[in-house]
Structure formats: C-alpha cells, structure tokens
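Undergrad: sequence first, then the predicted structure, then my questions.
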Amino acid sequence: MGVKWEREKRASFFLFPSFFFTLSSCKRSTAPLADTKNLQLKVEDVSCTEAWLRLTNSPAYYGKSLKLLRDDSLIISKPLTANDTLPYDRGLLPLSFYTYRARVCDGERTFCKCLLLIK
C-alpha cells in the first residue's frame with residue numbers, strides 16, 4: 001500500500017503544476033491573426049495582366065501599416081487612412097494563380113491578416 005500511495009503522490013505532484021501552468025497560460029489574450037470582420041480582401045476586377053482588389057478594414061486600424069503581399073513578395077506598404085482601399089496590381093502573367101495576403105501591422109506586431117487566391 002505504501003508504494004502505490006507514493007506513486008499517486010508523485011503523479012499528483014507533477015500534474016498539479018502542469019495543470020496550473022496550462023490554465024494560467026490560456027488566460028493571456030492575443031490579437032487574432034485571421035479576423036474576417038475587421039479586414040476583408042476581395043477581387044474587384046481582373047484582366048489578363050492586372051488585378052484590382054478591394055480592402056475593407058475597421059477604423060480601429062487607422063494609422064497602422066498595411067502590407068499587401070503577392071506570392072510572398074511585398075507589393076504595397078502604406079499607412080491605413082480610410083476603411084476602404086482599392087489596391088491595383090499590374091504586370092501579372094495570363095492564366096496564372098496568385099496568392100494575396102494583407103496584414104495590418106504596427107511595428108513587429110500583426111493585428112490581423114487575410115488571404116485571397118485569384119487566377
């Protein structure tokens with residue numbers, strides 16, 4: 001009986017701190033990375049070599065930096081001053097797929113981002 005009780009005591013000794021750590025780490029809030037309410041990226045119009053996009057964002061992001069990437073290459077970096085922006089991208093190849101990612105950042109901190117695929 002003494003050996004079994006010692007094992008249970010040791011197990012509870014290790015489980016309690018890990019359980020406490022899990023609960024305390026879940027209480028920290030982080031900014032959402034995929035926020036479809038506060039940042040939306042849509043295709044407005046597409047031609048063979050050009051794309052017009054519509055970026056809609058929350059007024060809470062005014063003054064933050066917009067970074068628009070096409071296939072992991074930065075194509076636009078500018079401060080947000082309106083809740084509706086029409087980015088224009090040219091020099092595209094016909095019949096090609098492109099991935100656009102929009103991020104709202106303040107320094108190194110990313111507030112939200114969204115993804116758009118077009119052909």
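TA: Yep, that arrived.
Undergrad: tell me the pLDDT at the closest residue to Ile75 other than its chain neighbours?
TA: Spatial nearest neighbour of Ile75, excluding adjacent residues (CB to CB, 6 or more residues apart in numbering): Leu68 at 5.6 Å. Heads up, the C-betas are built off the backbone N, CA and C, glycines and all. As predicted, Leu68 sits at a pLDDT of 93.
Undergrad: check which residues of the helix or strand hosting Cys112 are buried.
TA: Here Cys112, judged by DSSP states H and E, is contained in strand 109-118. For strand 109-118, the neighbour count (16 or more other CB atoms under 10 Å) marks Thr110, Phe111, Cys112, Lys113, Cys114, Leu116 as buried.
Undergrad: how about TSV for these, with pLDDT added?
TA: Conversion of the buried residues of strand 109-118 to TSV gives the following (pLDDT from 0 to 100):
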residue	pLDDT
Thr110	86
Phe111	81
Cys112	82
Lys113	83
Cys114	83
Leu116	82
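Undergrad: quick check, nearest of the residues you listed to Tyr98?
TA: For the buried residues of strand 109-118, the closest approach to Tyr98 (CB to CB) belongs to Leu116, at 8.7 Å.
Undergrad: just give me the neighbour total for Asp89.
TA: Asp89 is flanked by 18 other residues according to other CB atoms under 10 Å.
Undergrad: hang on, the earlier thing: nearest to Ser47 among the buried residues of strand 109-118?
TA: Nearest member of these to Ser47, counting by CB to CB, is Leu116, at 16.6 Å.
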